[in-house]
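Peer 1: using only what follows, build the 3D model:
(2 chains)
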Amino acid sequence: MLVTEQDRLRQDIDALVERHGHARSALMPILQEVQRNYSLVSPYAMQVIADRLGIHPVEVHGVVSFYSYLSEKPKGRYIVRLCRTISCDMAGKTRIARQLENDLGIEFGETSRDGAFTLEWANCIGMCDQGPALLVNEKVFTRVTPAQVHEIIAECRAIFGNQAHQLREGLHS
Amino acid sequence: MTAAHGNPSGGPSGKPTGGLTFATVDSEAGLKVALSGPRPDIVMKLRESGLRGRGGAGFPTAVKWTLAAAARGEQKFVVCNADEGEPGTFKDRVILNEFPDLVFAGMTIGGRAIGAREGILYLRAEYTYMRDALEAVLERRRKAGLLGANAGGLAGFEFDIRIQMGAGAYVCGEETALIESLEGQRGEPRNRPPFPVDTGFMGLPSIVNNVETLAWVACIMAKGPEWFKAVGTDKSTGLKLFSVSGDCARPGVYEFPLGITVAKLLEAVGGSDAKAVQVGGASGHCLPRSEFTRALAFEDISTGGSIIVFGQSRDMLEVARNFLEFFVEESCGQCTPCRDGSVKLLEGVELLEEGECSTAYLRELKGLSKTMQLASKCGLGQSAPNAFLSIVEHFQGEILGRSAAGI
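Peer 2: Alright, predicted model coming up:
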C-alpha cells in the first residue's frame, strides 16, 4: 500500500499524541520528537498537532519559533553546535569555528547541500571547564582542537554515508 | 568538619569526584528520616539549617516549602530546575551525573513536605545525553519501592518523578518561564506575584528548586541541620559547589563553605594572578583585583556558583561584548527594557571598540542600564546590564579612547 509522506507524518503524530496525551502540556514532548525524527517541524506537522491538541496552529508556531532546538526549516542530520560563550571563547573557539566552516564548506546558520550537517552557535553548553566544547546532536566533544574537527566530521560522514537507514543512531545514543 | 579546599571534577559524562560531601552521604538515609517523622519536621529542619536556594537567588528553601505546603490545591508539584544555562555554570551537570539519587531523594522529600504526588525534572536540551542514565536511575528507584505507590515504604505516600526536556532557551531557567515551558508554552516569564508556590504548574501550588538545593535537602535530612550550618556564615550557611572556568590552572567543580573570599578561591584553583573575576555568570558581576577580598555569600556577592577567571591579558571590552551578545540572543523579547536595552548596550560596546563613544553617551548607557535593572519583567533583563556596568565602572581606563584597531 502506498503511504504518502503526509500519511506517515500524521500516523507518527497520532502515535505521539497517544503516548503523551492531548493536554497542552504534551506539546513540548511531541514537538521534540517530531523535530528529532524529521529534522524539522513542518507547517503541516504544526497543523496536525494543533488539531489533535485542540489548539490554534498559531499557538504551535509560536512555540516552535521560540525554542532554538525546534525549527521550521529542515536541519541537517548532524547539528554541530559550537559553544560561543565566554569560557569557550577564551579557550579558543574562534579557531574551531573557522576550521568547522572550512571543513564543512558552510557558514554558521547554514545546512550543507547534502542535508548532512547544520552548523550553529550554541550559548553555554555547560562544559566551561573543558572548552572549547561542541555538541553534535546529543553527543558532547570537549577540549576540541582545530585538528580534531576533521575527525569529528569524518565520524559523522561515515555513519551518514554507510548506514543511511539508521543515520541518527550513532550520535543519538 | 573542614572542607576548606575544593576538589576539581568533571568529564563530559562525569568521572568520580573524590572530595565532594555528596559522595559521603547515603541518599536514602535522608529519605528515611523524612518519611518516618511527622510531615512538618521536614521544613522545621530546613529552617534550622538555614538552607538557601543554590541556583543563585538564595531564597530560603524552608519558606518556599512552607508556603507551598500551606497552599490549597487538588494537586501539587515538585519541580527540579536542571536548566543549567548560566554561562560558566556546570555543577548541576556533575551532580546529576554522579549523585542523581541525592537529587531524586530530595525531590521525594519535597513531595512529602508539601503534599505533592508528582515530581518533574526539567532537563536542559544541551544535557540530553544524560537523559537515559537518569531514566535508568528513576526506574531503579521505582523497582526499589522508593518511587510510586507507598514510596519509601510509607503507606499512603504516592510520589513519582518524570523527566521533561528543555529546548534550548536560557530564559527557561527562570522559574515561571520554566513552568510556561512545562505547560507547552513559549518560555516567557510571568509576573510575580502570584508565585509558583500558589500558582505554579497548571495553576497549582509548585516548588521549583535548583538541582544542588535538592541534593542538600537530602543531606540535611540525613545528617541534621547542625551538621549543615557548622560551616558557612550566619546568613549563608553550609557548603556550596562552585563551577570554576577561565584563566586558572585547575578549572572544575569545587566545594567551599559559603563566605569564602574570592582571593582564597582563586588560590585554590590556581588563578591568583587574575585581572578580574566574573562571579555569577553573564548575569553576575565582574570584580577587579581590588575587590578580591569580598566574600562569596548571599549577604555579599550572591551567586549560583559560576566563577570565570580573566587573566592579565584579557580585553575586558571583549568580555562585555560576549555577555551582551548572549543577552541579545537569549532575551525572550517580551518586555521592552530587556529586548531593546540589550541591543542598545551592545551597540554601545561597538562604539567603544571603535573608540567613538563619548563620555556623555557612556553615561546615557549607564542610565539605560539602571532602567533595565528597574523596569525589566524578570531576572534576565534585570541582570543583563550587570556585567557591562561593572566592567565600565572598574575598567574605564581600558575601554575609553581606543583607536579603531584596538587598544
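Peer 1: elements contacting the one helix or strand residue B:346 maps to?
Peer 2: Using DSSP states H and E, residue B:346 sits within helix B:336-353. When contacts are defined as 3 or more Cβ pairs under 8 Å, 6 or more residues apart in numbering or on different chains; DSSP states H and E, helix B:336-353 packs onto helix B:316-330, helix B:359-375, helix B:379-383, helix B:386-394. Where you see a C-beta, it was placed from the backbone N, CA and C, and this is true even at glycine.
Peer 1: which stretch among the ones you listed comes nearest chain A?
Peer 2: Relative to chain A, the nearest member of the helices and strands packed on helix B:336-353 by Cβ to the nearest Cβ is helix B:316-330, separated by 4.8 Å.
Peer 1: please name the nearest non-neighbouring residue to residue A:117.
Peer 2: Excluding the flanking residues, the one nearest residue A:117 by Cβ to Cβ, 6 or more residues apart in numbering or on different chains is residue A:76, at 4.4 Å.
Peer 1: and that neighbour, that's in a helix?
Peer 2: No: the assignment for residue A:76, made by DSSP: H, G, I helix; E, B strand; the rest coil, is coil rather than a helix.
Peer 1: what's the local residue count around it?
Peer 2: With neighbours defined by other Cβ atoms under 10 Å in any protein chain shown, the count for residue A:76 comes to 23.
Peer 1: can you map out the strands along chain A?
Peer 2: With DSSP state E applied, chain A shows strands at A:78-83, A:117-122, A:134-136, A:139-141, listed in chain order.
Peer 1: under the pLDDT cut-off, which ranges of chain B? List them.
Peer 2: With pLDDT under 70 as the threshold, chain B has low-confidence stretches at B:1-18, B:404-407.
Peer 1: next one: chain A
Peer 2: Confidence mapping of chain A against pLDDT under 70 gives the ranges A:1, A:161-173.
Peer 1: what's the domain layout of it?
Peer 2: If the domains of chain A are taken from automatic domain parsing, they occupy A:5-66, A:78-172, with pieces of a single domain joined by a plus sign.
Peer 1: got CSV for those domains, with mean neighbour count too?
Peer 2: Supplementary listing: those in CSV, determined by neighbours: other Cβ atoms under 10 Å in any protein chain shown:
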stretch, mean neighbour count
domain A:5-66, 17
domain A:78-172, 19
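Peer 1: so which of those gets nearest residue B:358?
Peer 2: domain A:78-172 (27.5 Å; Cβ to Cβ).
Peer 1: can I get the domains of chain A in JSON lines with distance to residue B:100?
Peer 2: Converted to JSON lines, these look like this (distance: least, Cβ to Cβ, whole Å):
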{"stretch": "domain A:5-66", "distance to residue B:100": "21"}
{"stretch": "domain A:78-172", "distance to residue B:100": "16"}
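Peer 1: out of the ones you listed, nearest to residue B:207?
Peer 2: For the domains of chain A, proximity to residue B:207 was assessed by Cβ to Cβ; domain A:5-66 is nearest, at 17.8 Å.
Peer 1: who are the contact partners of residue 27?
Peer 2: Chain wasn't specified; assuming chain A. With contacts defined as Cβ atoms under 8 Å, 6 or more residues apart in numbering or on different chains, the neighbours of residue A:27 are A:49, A:53, A:55, A:60, A:63, B:184.
Peer 1: chain B is the one I meant
Peer 2: Residues B:99, B:101-102, B:104-105, B:218, B:222 are the ones in contact with residue B:27 under the rule Cβ under 8 Å, 6+ apart.
Peer 1: is stretch B:306-326 up against chain A anywhere?
Peer 2: Yes: judged by Cβ under 8 Å from any Cβ of the partner chain, stretch B:306-326 and chain A are in contact via B:308, B:310, B:314, B:319, B:322-323, B:325-326.
Peer 1: do the same with stretch B:170-179
Peer 2: Yes: for a cut-off given as Cβ under 8 Å from any Cβ, stretch B:170-179 has contacts with chain A, namely residue B:170.
Peer 1: what's the end-to-end length of that stretch?
Peer 2: End-to-end distance of stretch B:170-179: 13 Å, with Cα to Cα, to the nearest Å as the criterion.
Peer 1: if we only consider the residues of stretch B:306-326 next to chain A, which is nearest to residue B:129?
Peer 2: Minimum distance to residue B:129 across the residues of stretch B:306-326 next to chain A is 22.8 Å, recorded for residue B:326 (Cβ to Cβ).
Peer 1: wait, doesn't that closest one sit right on residue A:121?
Peer 2: No: the pair formed by residue B:326 and residue A:121 falls short of the contact definition of Cβ atoms under 8 Å, at 10.5 Å.
Peer 1: and the closest residue to residue A:133 other than its chain neighbours, what does it touch?
Peer 2: Distances taken as Cβ to Cβ, 6+ apart put residue A:127 closest to residue A:133, at 3.5 Å, once the chain neighbours are dropped. For residue A:127, the set of contacting residues under the criterion of Cβ under 8 Å, 6+ apart consists of A:83, A:88, A:133, A:140, A:142, B:12, B:90.
Peer 1: can you pick out the most distant pair from those?
Peer 2: A:88 and B:12 (13.5 Å).
Peer 1: what about residue B:141, distance to chain A?
Peer 2: For residue B:141, the distance to chain A equals 21 Å [Cβ to the nearest Cβ, to the nearest Å].
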